[in-house]
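Participant: Below are the sequence and a predicted model; questions follow.
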Amino acid sequence: MPRTLLTKTSAPGGYAAAGVAVTMTAADVGNLNAFTAASTDLIVAQNTGGVGYTVTVTSAPDPFGRTKDIATEAIAAGEIRIFGPFPQSGWMQTDGRVYLQASNAAVKFGIIQLPG
């Protein structure tokens with residue numbers, strides 16, 4: 001099965017009169033997750049569970065062939081972590097997406113697209 005795509009939330013920008021609600025989606029532990037790559041994306045990972053879980057963001061080779069995943073980053077119970085932004089070079093996979101996963105569906109992901 002293909003990875004489950006996550007919906008992005010556009011940040012309101014510097015002169016917005018109000019905030020926006022972030023779309024948070026439970027991690028798909030079986031199929032994993034992805035989102036369409038843009039260099040202005042942030043990942044918000046929220047552990048809604050009662051114990052710690054992990055998050056991994058899979059890198060892609062940059063023009064020099066280097067890779068360096070964010071591998072099994074621990075997120076404590078109740079914690080919220082932010083990752084990124086993710087330059088396309090080094091993170092965008094061949095299908096144009098960024099790949100991520102969590103060790104439990106109690107982890108919820110939100111993808112924030114920053115202005116610019």
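Facilitator: Everything's here; your move. Residues are numbered from 1 along each chain as shown.
Participant: residues touching the closest residue in space to Q93 that isn't next to it in sequence, list them.
Facilitator: Nearest non-adjacent residue to Q93, counting by Cβ to Cβ, 6 or more residues apart in numbering: A60, 5.3 Å away. (Each C-beta comes from the backbone N, C-alpha and C, glycine too.) By Cβ atoms under 8 Å, 6 or more residues apart in numbering, the residues touching A60 are 67, 90-94.
Participant: Quickly list what the residue nearest the centre of the chain is bridged to.
Facilitator: The residue lying closest to the centre of the chain (Cα atoms, centre = their mean) is I43, at 3.5 Å. Applying DSSP bridges to I43 gives these bridge partners: F83, I111.
Participant: Verify the stated contact: it with V107.
Facilitator: No. Here I43 does not reach V107: they are 10.9 Å apart, not a contact under Cβ atoms under 8 Å.
Participant: Now do the shared contacts for the two.
Facilitator: In contact with both I43 and V107: V55, using Cβ under 8 Å, 6+ apart.
Participant: Go through the contacts of A60 and say which is closest to I111.
Facilitator: W91 (12.7 Å; Cβ to Cβ).
Participant: Tell me which stretches of this structure form strands.
Facilitator: With DSSP state E as the criterion, the chain has strands at 4-5, 8-10, 25-26, 33-36, 41-47, 53-58, 70-75, 80-83, 97-102, 107-113.
Participant: Report the mean confidence score over the fifth one.
Facilitator: The average pLDDT for strand 41-47 rounds to 98.
Participant: so how far is that strand off the chain centroid?
Facilitator: How far strand 41-47 lies from its chain's middle: 5 Å, per Cα atoms, centre = their mean, to the nearest Å.
Participant: what about the residue lying closest to V44 once chain neighbours are set aside, neighbour count?
Facilitator: Among residues not flanking V44 along the chain, G110 sits closest, at 3.9 Å (Cβ to Cβ, 6+ apart). In terms of burial, G110 registers 20 neighbours under the definition other Cβ atoms under 10 Å.
Participant: With that, I have no additional questions.
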